[in-house]
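Asker: got a predicted model here, sequence first, then my questions.
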Amino acid sequence: EPEVTQTPSHQVTQMGQEVILRCVPISNHLYFYWYRQILGQKVEFLVSFYNNEISEKSEIFDDQFSVERPDGSNFTLKIRSTKLEDSAMYFCASGVTYEQYFGPGTRLTVT
Amino acid sequence: AQSVTQLDSHVSVSEGTPVLLRCNYSSSYSPSLFWYVQHPNKGLQLLLKYTSAATLVKGINGFEAEFKKSETSFHLTKPSAHMSDAAEYFCVVSDRGGNKLVFGAGTILRVKS
């Protein structure tokens, strides 16, 4: 059964550094998403992406964040200058209509 | 704005007994509702979905949920718990365009042998 995959599973970075989180969505899906879950808090929507552009973003998704689909298979989330409060589990999801299928997540730790 | 409230942060049941995980939603339109499950160190897996068809929705692994508009509820049930059901369960509502999911806080299900 096709799955969404994410790499790395765990990323440790220093404050101020750039990080890129990578996702490979399910191959025939058209909609792509990033969510995050800060420890002890709810899963929060960050951004949705369709037809090579952002379709919606939350207030969390400020200028420090960007997304890209550099080729036909990968979907990336970049954080330009990480802050301590960016430490969280980041989930990628993909879907066709209302259903979204999630990857296992990347745990980002900012020190 | 749409939201969901999961009424229990932890539920503990014995193996073989019924499971009930409670969820209430708030939405200004007819919502799409989902239950996701997360096992330790795994991703979020879609258990079932309601999208304005039948109000009783059957999902994977014997789980069901019933959409009750009058009670604004979407509770998750299973007749007989298995040890493998121990996980965290999330009730989720979609925005009108299906573009964004709004998660509840999660319910951790513990299954005792």
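Answerer: Structure received.

Asker: how about residue 106, what does it touch?
Answerer: Picking chain A for this. Contacts for residue A:106 (Cβ atoms under 8 Å, 6 or more residues apart in numbering or on different chains) come out as A:6-11, A:21, A:89-90. C-beta coordinates here come from the backbone N, C-alpha and C atoms, glycine included.

Asker: chain B, not that one
Answerer: Neighbouring residues of residue B:106 by Cβ under 8 Å, 6+ apart: A:42, B:6, B:9, B:38, B:88-90.

Asker: what's the farthest-apart pair in these?
Answerer: B:9 and B:38 (14.3 Å; Cβ to Cβ).

Asker: residue closest to the middle of chain B?
Answerer: By Cα atoms, centre = their mean, chain B has its centre lying nearest to residue B:35, at 3.5 Å.

Asker: list the contacts for that one?
Answerer: Counting by Cβ under 8 Å, 6+ apart, residue B:35 has contacts B:21, B:23, B:46-49, B:59, B:63, B:65, B:74, B:76, B:89-92.

Asker: just the buried subset of the contacts of residue B:106, please.
Answerer: Among the contacts of residue B:106, the ones that count as buried by 16 or more other Cβ atoms under 10 Å in any protein chain shown are A:42, B:6, B:38, B:88-90.

Asker: need the residues you listed in JSON lines with pLDDT, can you?
Answerer: Converted to JSON lines, those look like this (pLDDT from 0 to 100):
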{"residue": "A:42", "pLDDT": "93"}
{"residue": "B:6", "pLDDT": "97"}
{"residue": "B:38", "pLDDT": "92"}
{"residue": "B:88", "pLDDT": "96"}
{"residue": "B:89", "pLDDT": "98"}
{"residue": "B:90", "pLDDT": "97"}
